[in-house]
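Visitor: have a look; sequence and predicted model below, questions after that.
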Amino acid sequence: MPLFGLVLAVGTAGMTMGADLTGSAWQPSFMSAAEIPAGTHMVVRFNPDGRITGNGGCNQFFGGYTISGNTIKIGPLASTRKGCPGLYVVEASFLHMLQAAKSFEQDETTLVLFDAAGDKLAQFDRAAQQ
C-alpha cells in the first residue's frame, strides 16, 4: 500500500494547482477534440492585463480570462476571419476547447486544461515569448 501512495506522489510531483499564468505563452501538444496537424502554428498568450490572445492555426484570436486558484474562465473569444482550407475544424475546436476550460494544472514547461467534469481537454508546452 505505501508503494501505491509513493507512485501517486511521484506521478504528480512538479504540477501545481493555481500557478500564475500571467505573462506566459503556450503551444498545444494535445487536444482531445481534434488532432493538431503537423506544422500548424497555434499559440495562447495570457497577457498581464487579463486578456488572452493568440493564433488558432490560421486566425488571430482575443478575449478575456480570469483565474482563481486552479479554476480558469476563458472568453468569450473573438477572432479574425481569414479562410484557411483544412484548418477550419481544428481552429474551431481549439477556440471551443479554450472556452470550455474550467480548471488547470501547470509546471514550468507544461499546462493542462480540464473541463467541468475534470476531463483533460488539452495539454500545452511553454512557448518562447515573442
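Guide: Noted; the coordinates are in hand. Please read all numbers here as calculations on a predicted model, not as lab measurements.
Visitor: which SS class is residue 34?
Guide: coil (DSSP: H, G, I helix; E, B strand; the rest coil).
Visitor: quick check, it in contact with residue 91.
Guide: No: the criterion here is CB atoms under 8 Å, and residue 34 misses it with residue 91 at 9.0 Å. For the C-beta atoms, the positions are set from N, CA and C on the backbone; glycine is no exception.
Visitor: so for those two, which sits in the more crowded spot?
Guide: Between residue 34 and residue 91, counted using other CB atoms under 10 Å, the more crowded position is residue 91 (21 against 16).
Visitor: apart from its neighbours in sequence, what residue is nearest that one?
Guide: In space, and not counting its chain neighbours, residue 91 is closest to residue 56: 3.9 Å by CB to CB, 6 or more residues apart in numbering.
Visitor: cool, residue 128 as well?
Guide: Nearest to residue 128 is residue 25, by CB to CB, 6+ apart, at 7.4 Å.
Visitor: state the distance from residue 74 to residue 61.
Guide: According to CB to CB, to the nearest Å, residue 74 stands 10 Å off from residue 61.
Visitor: in which helix or strand does the residue nearest to residue 128 reside?
Guide: Assigned by DSSP states H and E, residue 25 belongs to strand 24-31.
Visitor: what is the helix or strand that that strand is followed by packed up against?
Guide: Going down the chain from strand 24-31, the next helix or strand is strand 42-46, by DSSP H and E. If you count contacts as 3 or more CB pairs under 8 Å, 6 or more residues apart in numbering; DSSP states H and E, strand 42-46 packs onto strand 24-31, strand 51-56.
Visitor: could I get the ones you listed as TSV with mean pLDDT, mean neighbour count and distance to residue 86?
Guide: Formatted as TSV, the helices and strands packed on strand 42-46 follow (pLDDT from 0 to 100; neighbours: other CB atoms under 10 Å; distance: least, CB to CB, whole Å):
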stretch	mean pLDDT	mean neighbour count	distance to residue 86
strand 24-31	95	19	16
strand 51-56	96	20	13
